[in-house]
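> after the sequence you'll find the predicted model.
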Amino acid sequence: MKHKANAILTWWQAFRYHFVPPSFLPAILGSILAWEIVGKFNFIYFFLTVIGVTINHIALNMTDDYYDYLQSVDQARFREKNPYSGGSGTLTSGLIHPQTMFRAFMLGYLITAIIGIFLTTTHGWPVFAIGAFGVICSYFYTAPPIRYGYHTLGELSQLINFSLTIGLGAFFIQAQIFVWEAAVILLPLGFMMFSMITINEIPDEAMDRAGKKKTLVVRFGARRGVWFYGTGMLIAFLIIITAPFLVNATYWVYLSLITFPWFIKAFRILHQNYQNPAQMAPANILTIRIHNLTGFLLILAYIIHGTLAGKNDNIIWISLAFSLFLYLPVLLTVFFNILSIKPAEQKLPIS
């Protein structure tokens with residue numbers, strides 16, 4: 001029993017689930033936007049979409065771990081005391097055998113592909129095009145021969161894929177069309193993801209440089225990385241502020257500005273401690289909180305707006321409850337600082 005418990009904790013550590021909401025939040029938001037803007041919503045398609053992008057992101061996390069490990073990027077000798085950077089550590093510590101992780105993330109992509117093929121048969125080729133683009137971007141972020149994350153393209157990919165690709169894909173599955181309002185409301189999550197990946201790269205600078213992984217921070221330096229982080233966040237909030245004037249978005253989106261003071265605090269911590277990975281860790285977790293809560297508040301904004309407009313809301317509240325259930329493990333991790341427990345007593349790798 002103890003061995004099984006350790007194995008579960010090890011895989012949970014490998015999943016890095018606290019980094020998965022940037023996938024399912026835009027999927028949820030895109031679906032809710034379709035309900036509010038176009039008046040179309042199907043819970044089965046919503047469920048499959050959210051589960052598909054969640055599994056794909058878990059596979060992405062393990063893919064990054066695997067290929068960074070092979071490239072000698074994620075090495076324990078470089079590791080600092082910042083739990084939000086440097087991969088899961090399950091390969092470098094020998095807790096999971098590399099080939100076992102390879103099989104696990106390939107299974108994840110297979111499940112994602114099966115869901116994508118089904119949704120393509122019911123909703124047409126745009127679903128296949130968007131889904132295939134997302135999976136290819138996930139795999140080749142660190143996988144050869146492309147490895148675009150090693151060539152200062154990873155941050156741009158995060159911005160696009162974790163807002164427009166996922167969000168508009170989910171919107172199209174429900175609405176069968178694209179609209180500008182949905183794109184604008186989804187973009188703040190992309191810019192926040194850009195900032196999240198940038199701040200996570202700062203403690204990894206030495207590891208990435210040694211492994212010839214030319215991230216934005218490696219190419220321009222940690223100090224400029226601080227300003228890239230701040231710029232991404234400011235653009236995200238600026239889009240939210242101007243959205244009601246740009247695309248006639250509901251003023252309820254201003255609920256999400258509640259997270260702005262967290263950004264100010266995170267930026268100050270980062271600016272003062274970007275050379276000390278342990279001391280900048282509170283800025284990392286604040287950034288995750290900002291992204292996650294902003295996403296949920298944008299979702300809530302459109303649920304409130306649609307409900308007040310008299311739209312049928314029973315299935316939407318059920319969908320919100322499902323979303324909160326999916327988020328519960330992240331809530332425990334990110335808002336109560338309970339990080340993945342590393343099974344210290346497990347000596348042998350999972351194979």
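Here it is on my side, so go on. Numbering: from 1, shown residues only.
> next, residue 147: phi, psi?
The phi/psi pair for residue 147 (degrees, to the nearest 10) reads phi 50, psi 50.
> quick check: closest non-adjacent residue to residue 115.
residue 52 (4.0 Å; Cβ to Cβ, 6 or more residues apart in numbering). To be clear about C-beta, it is placed using only N, CA and C from the backbone, and glycine gets the same treatment.
> what comes up buried for the host helix or strand of that neighbour?
Using DSSP states H and E, residue 52 sits in helix 43-70. By 16 or more other Cβ atoms under 10 Å, the buried positions in helix 43-70 come out as 45-46, 48-70.
> which strands and helices sit next to the following helix or strand past it?
Reading on from helix 43-70 to the C-terminus, the next helix or strand found by DSSP H and E is helix 98-123. Using 3 or more Cβ pairs under 8 Å, 6 or more residues apart in numbering; DSSP states H and E as the contact test, the elements touching helix 98-123 are helix 2-15, helix 43-70, helix 125-139, helix 166-175.
> who wins for proximity to residue 211 among the ones you listed?
helix 43-70 (6.9 Å; Cβ to Cβ).
> next, the angle from the closest one to helix 98-123.
If you take axes from the mean of the first three to the mean of the last three Cα atoms, to 10 degrees, helix 43-70 sits at 150 degrees to helix 98-123.
> return the distance of helix 43-70 from the chain's centre.
10 Å (Cα atoms, centre = their mean, to the nearest Å).
> stretch 215-222 too?
Distance, centroid of stretch 215-222 to centroid of chain: 21 Å (Cα atoms, centre = their mean).
> okay if I get the helices and strands packed on helix 98-123 as a markdown table plus mean pLDDT and distance to residue 314?
Below are those laid out as a markdown table (pLDDT from 0 to 100; distance: least, Cβ to Cβ, whole Å):
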| stretch | mean pLDDT | distance to residue 314 |
| --- | --- | --- |
| helix 2-15 | 83 | 32 |
| helix 43-70 | 95 | 10 |
| helix 125-139 | 95 | 26 |
| helix 166-175 | 97 | 16 |
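> of all those helices, which one comes closest to residue 23?
helix 43-70 (3.8 Å).
> which strands or helices does the closest one pack on?
So helix 43-70, by 3+ Cβ pairs under 8 Å, 6+ apart, packs with helix 2-15, helix 21-37, helix 98-123, helix 125-139, helix 166-175, helix 314-330.
> any chance of JSON lines for the helices and strands packed on helix 98-123, columns distance to residue 293?
Output for the helices and strands packed on helix 98-123, formatted as JSON lines (distance: least, Cβ to Cβ, whole Å):
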{"stretch": "helix 2-15", "distance to residue 293": "22"}
{"stretch": "helix 43-70", "distance to residue 293": "18"}
{"stretch": "helix 125-139", "distance to residue 293": "24"}
{"stretch": "helix 166-175", "distance to residue 293": "17"}
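> tell me which of the ones you listed lies nearest to residue 205.
helix 43-70 (13.9 Å).
> quick check: angle from the closest one to helix 2-15?
Counting by the same axes, to 10 degrees, helix 43-70 lies at 90 degrees to helix 2-15.
> and helix 43-70 with helix 125-139, angle?
30 degrees.
> poorly predicted segments of the protein, please.
Applying pLDDT under 70 to the chain picks out residues 1-3, 73-86, 335-351.
> can you count the residues close to the residue lying closest to residue 215 once chain neighbours are set aside?
Excluding the flanking residues, the one nearest residue 215 by Cβ to Cβ, 6+ apart is residue 201, at 4.7 Å. Applying other Cβ atoms under 10 Å, we find 23 residues neighbouring residue 201.
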